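Asks: Structure for the following, please:
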Amino acid sequence: MVPINIDNSLGVISKLNILTTFKAKEKKCLFIKLKTYEDVMKTLRLAKKELHDSLYAFEFIEGRIIAKSCSLLGIKNPFDQSEEVLNNQYNYYVLLEAQGS
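Replies: Here you go, the predicted model:
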C-alpha cells in the first residue's frame, strides 16, 4: 500500500517504529460479585492503586443481564442465583485481570 499525502503526492514509508508492551509470563484473574455500583467503583480505585501498571483488564456486568441472557439463550445460569438476587437491580460481577508476578 502506498500512502497518498494531503497534496496528492505519493509517499513511501522508509522507516517504521513499533512500540510494543511487555508480555507477562503470568496472568491472574479474579471474578467477584459486588452489591452496588459504588462497590464496583471502590474496587476499581483500589485495583488501580494497588496494581498500578499490572492491571490488565477491569470489566463489570449486572447480574440481571447475565440472568436475562441465560434465559434468552435457554442455558443454565453459571452463577446459580436465587430469584431474590435476580430481582435485585444492584447486583454486579467484576472480572479483574492482572499481569506479571
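Asks: For burial, what's the neighbour tally of Lys15?
Replies: Using other C-beta atoms under 10 Å, Lys15 has 4 other residues around it. Where C-beta positions appear, they are placed from N, C-alpha and C, glycine not excepted.
Asks: same thing with Glu50?
Replies: Neighbours of Glu50 (other C-beta under 10 Å): 10.
Asks: Are we agreed that it is in a helix?
Replies: Yes: according to DSSP: H, G, I helix; E, B strand; the rest coil, Glu50 belongs to a helix.
Asks: list the buried ones in the helix or strand harbouring Lys28?
Replies: Here Lys28 sits within strand 27-34, counting by DSSP states H and E. Residues Leu34 are the ones in strand 27-34 that count as buried (16 or more other C-beta atoms under 10 Å).
Asks: Give me the nearest residue to the residue positioned nearest the centre of the chain, chain neighbours excluded.
Replies: Geometric centre of the chain, nearest residue: Glu59, 3.3 Å, by C-alpha atoms, centre = their mean. Spatial nearest neighbour of Glu59, chain neighbours left out: Leu95 (4.6 Å); criterion: C-beta to C-beta, 6 or more residues apart in numbering.
Asks: what about that neighbour, is that helix, strand or coil?
Replies: strand.
Asks: With Asn77 instead?
Replies: coil.
Asks: where's the nearest residue in space to it that is not next to it in sequence relative to Arg64, distance?
Replies: Ranked by C-beta to C-beta, 6+ apart and with sequence neighbours excluded, the top spatial neighbour of Asn77 is Cys70, at 4.4 Å. According to C-beta to C-beta, to the nearest Å, Cys70 stands 11 Å off from Arg64.
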